[in-house]
Structure formats: C-alpha cells, structure tokens
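Student: What shape does this take:
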Amino acid sequence: TATAALAQCNPLTYLGSYLDACADAGGRPPSGPALARFFPWAAGEADLSVWGLPSPGPAPSSTSHRYCARDFSAADLEVVRRLTTTLPHRSAIAAGLCAELGWRRLDGRPKEMSARVALLRMERDGLITLPPPRNPNGNGHILRYAKPDLKWIKPAPPSLPALGRIELVVVDTPAASRRWRGLIAS
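Tutor: Down below sits the predicted model:
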C-alpha cells in the first residue's frame, strides 16, 4: 500500500488488480513482465488510470442489488438470468456466475458458496427463478417422519431383568431404516 500511496494510486484498486493477476495465474504471484506492470514507474497508462480512481470501483447505482458483499448491476442480473435459463442446475449456475463475473476469493478459487447464497436471495426477492433443487433438504427444517407402525411399539418392562435379552441388529434395508427412524422419532 505504501507503493500505491507514493504513486498516488488508490491502494484498493492497485491491490485488487494484483490479486486478480494472482487469481488468473492459478493462485501464484505474477513474475517477469506480468509483475513489472505492477511497478507504478513501469505501469502503462491504462493501469495507472484505473488505479488512480478515487474509489475501488463504480459506485453502486440505485438499480443495483447487494448480495453477499457484492453489488449486482442490471447487467449482472441479466447474466444471472441467462445462466438460469442455459445451465441445468443450481451448482452449475453458481459456478457459471463466478466465472462470468470473476467472483473469486483471495486465493483465486471461485466464491461458489457466496454465489449460491446470493442466488437464493435473488430468487427470494423475485429477481430470478432457479431450477428446483436436485437434493432438497428443507434448508435446515427438521425432517418429519411418519408415525411408526404400532406393532413395533411395546410397553416398557417393569424392571431391567424383565427386559430380557438385548439384540443389536444392523439396519441395512430402507424398510428397517424407516422403522428405526420412526421409533426414534416417537
């Protein structure tokens, strides 16, 4: 940041450009000529004009929407809508969103989980329509089981010796699994 300040560059845009170059190189720092462009005395006019901006990017407009610390412009939302119509499932849409908008972590990996959260919130706000989830989990809702078959429920014995022999049985069929879950839930 001291180098950026001496060159009268915005430190956030300067470092952001450097981190983007690291991400483009697969998480490795640039070297050789790719590194030289980050020396303010050797940088081109295009880089210097970007780094000299007073803010690290365009100010959010009144038509932008903010999700997961990122502003989505109307053009970004059109990209999202296009992806939702061309890609088959939610995880592919999130990966495509990261690729199309360059949404990456500092180490260069795509921010797919943030993209998934943003997509869900966009859908909740009525901005997009997502395909149905492939593996719905109710998003944290407790799974309710059917009432167990009463033939398996027996009254508790009056004492431990009256319980008799205890047998451990491996639950290895869907029917046995349903029975076990129903008994545990009751």
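
Student: Just give the number of residues close to Ala175.
Tutor: 8 (other C-beta atoms under 10 Å). (Glycine included, C-beta is placed from N, CA and C.)

Student: which secondary structure element contains it?
Tutor: Secondary structure assignment for Ala175, by DSSP states H and E: helix 174-185.

Student: just Glu100 next, same as before
Tutor: Using DSSP H and E, the element containing Glu100 is helix 90-101.

Student: Neighbours of the closest residue to Ser64 other than its chain neighbours, how many?
Tutor: If the residues on either side of it in the chain are set aside, Ser64 comes closest to Asp71, at 4.5 Å by C-beta to C-beta, 6 or more residues apart in numbering. A total of 14 residues lie near Asp71 under the criterion other C-beta under 10 Å.

Student: hang on, Asp71 is in a strand, isn't it?
Tutor: Yes: applying DSSP: H, G, I helix; E, B strand; the rest coil, one finds Asp71 inside a strand.

Student: what's the distance between it and Asp107?
Tutor: 22 Å (C-beta to C-beta, to the nearest Å).

Student: what's around Glu78, how many residues?
Tutor: Here the number of neighbours of Glu78 (other C-beta under 10 Å) works out to 10.

Student: SS state for it?
Tutor: On the basis of three-state DSSP, Glu78 is classed as helix.

Student: From Pro88, how far out is it?
Tutor: With distances taken as C-beta to C-beta, Glu78 is found 20 Å from Pro88.
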